[in-house]
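Asker: Quick one, structure for this:
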Amino acid sequence: MTASAGITARQRARAELSSEIKAAARRQLAVAGADGLSLRAVARELGMVSSAIYRYFPSRDDLLTALIIDAYHAMGDAAESAYHAARDPRARWRAVCRAVRDWARAHPREYALLYGSPVPGYHAPPDTVEPATRVARLLLETVRESWAAGTLTPQPDGPQVSARLREQATALAELTAPGLPAPVIARGIVAWTQLYGMISFELFGHLVGSVDPSDDFFQHATEQMADLVGLPRRRTAKTG
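Answerer: Predicted coordinates for the structure are as follows:
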């Protein structure tokens with residue numbers, strides 16, 4: 001066996017055990033929640049000594065970060081697949097929103113880890129930022145595509161964008177959607193936060209007694225958000 005093959009085998013074994021550790025940690029999340037996650041408990045479940053697991057994840061926060069990044073990427077993968085399967089900006093917007101909701105409903109514990117109550121004492125490191133922005137960038141890309149085609153028609157009425165918000169939106173546009181005007185970016189942020197607000201209300205039981213089940217409400221709100229950012233509706237053929 002060559003040295004490189006040996007290294008590859010060790011790397012494969014390390015990756016497999018890392019995946020087992022994360023799987024056990026996800027099971028623990030369902031029982032104890034994120035703030036109750038314990039490396040020692042994960043080690044016990046896997047039949048490992050506590051010192052061994054620290055070679056893979058030096059602290060609870062390192063393990064939490066790995067779980068968070070995995071969850072962001074899983075949600076982002078679902079949204080990206082839906083985006084590419086749709087044919088026009090509004091259909092892509094609708095598909096991304098639906099994919100995020102479907103993923104959250106299928107993985108409520110992972111969603112809660114991302115958008116539930118903050119874990120006491122945990123501070124997400126910078127390497128969580130890029131995966132956290134994947135869905136937002138897809139939504140903005142649908143808007144940017146429509147803007148580039150000249151079909152974006154944002155609602156004319158609404159509050160003026162303050163100087164501070166314009167500055168923030170312009171800086172965000174430079175990073176994620178160059179060329180989009182600040183008011184369009186601001187509307188996109190409104191829609192982005194509403195998307196997660198609706199999903200959180202649904203998953204955490206805040207819609208019971210009002211619009212639960214919320215399928216029709218979610219569809220209605222998704223179309224309203226598309227109108228807000230100015231995505232064109234599909235034209236229907238005229239009959240003579």
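Asker: if you average pLDDT over the longest helix seen in the chain, what comes out?
Answerer: Using DSSP state H, we find that the single longest helix of the chain is helix 3-32. Computed over helix 3-32, the mean pLDDT rounds to 83.
Asker: Mind telling me what element residue 92 is part of?
Answerer: Using DSSP states H and E, residue 92 sits in helix 89-106.
Asker: Likewise for residue 55?
Answerer: Assigned by DSSP H and E, residue 55 belongs to neither a helix nor a strand.
Asker: Give the burial count for it, as a bare number.
Answerer: Counted with other Cβ atoms under 10 Å, the neighbours of residue 55 add up to 10. In short, each C-beta sits where N, CA and C put it, glycine included.
Asker: just to revisit the earlier point, starting at the chain centroid, how far to the longest helix of the chain?
Answerer: 23 Å (Cα atoms, centre = their mean, to the nearest Å).
Asker: next one: stretch 160-170
Answerer: Stretch 160-170 sits 24 Å away from the centroid of its parent chain (Cα atoms, centre = their mean).
Asker: Could I get the buried residue list for it?
Answerer: For stretch 160-170, burial by neighbour count (16 or more other Cβ atoms under 10 Å) applies to 161, 165, 166, 168, 169.
Asker: how near is the third one to residue 93?
Answerer: What that stands for is residue 166. Per Cβ to Cβ, to the nearest Å, residue 166 is found 24 Å from residue 93.
Asker: cool, the first one as well?
Answerer: Taking Cβ to Cβ as the criterion, residue 161 is separated from residue 93 by 21 Å.
Asker: likewise the second one?
Answerer: Using Cβ to Cβ, we find residue 165 at a distance of 22 Å from residue 93.
Asker: Same check on residue 174?
Answerer: Look at residue 174 and residue 93: by Cβ to Cβ, they are 22 Å apart.
Asker: Neighbour count for those two, which is higher?
Answerer: Counted by other Cβ under 10 Å, residue 174 and residue 93 do not tie: residue 93 has more neighbours, with 26 against 12.
Asker: Report the contact partners of the more buried one.
Answerer: Shown in contact with residue 93 (Cβ atoms under 8 Å, 6 or more residues apart in numbering): 139, 142, 143, 222, 225, 226, 229, 231.
Asker: This completes my enquiry, with thanks.
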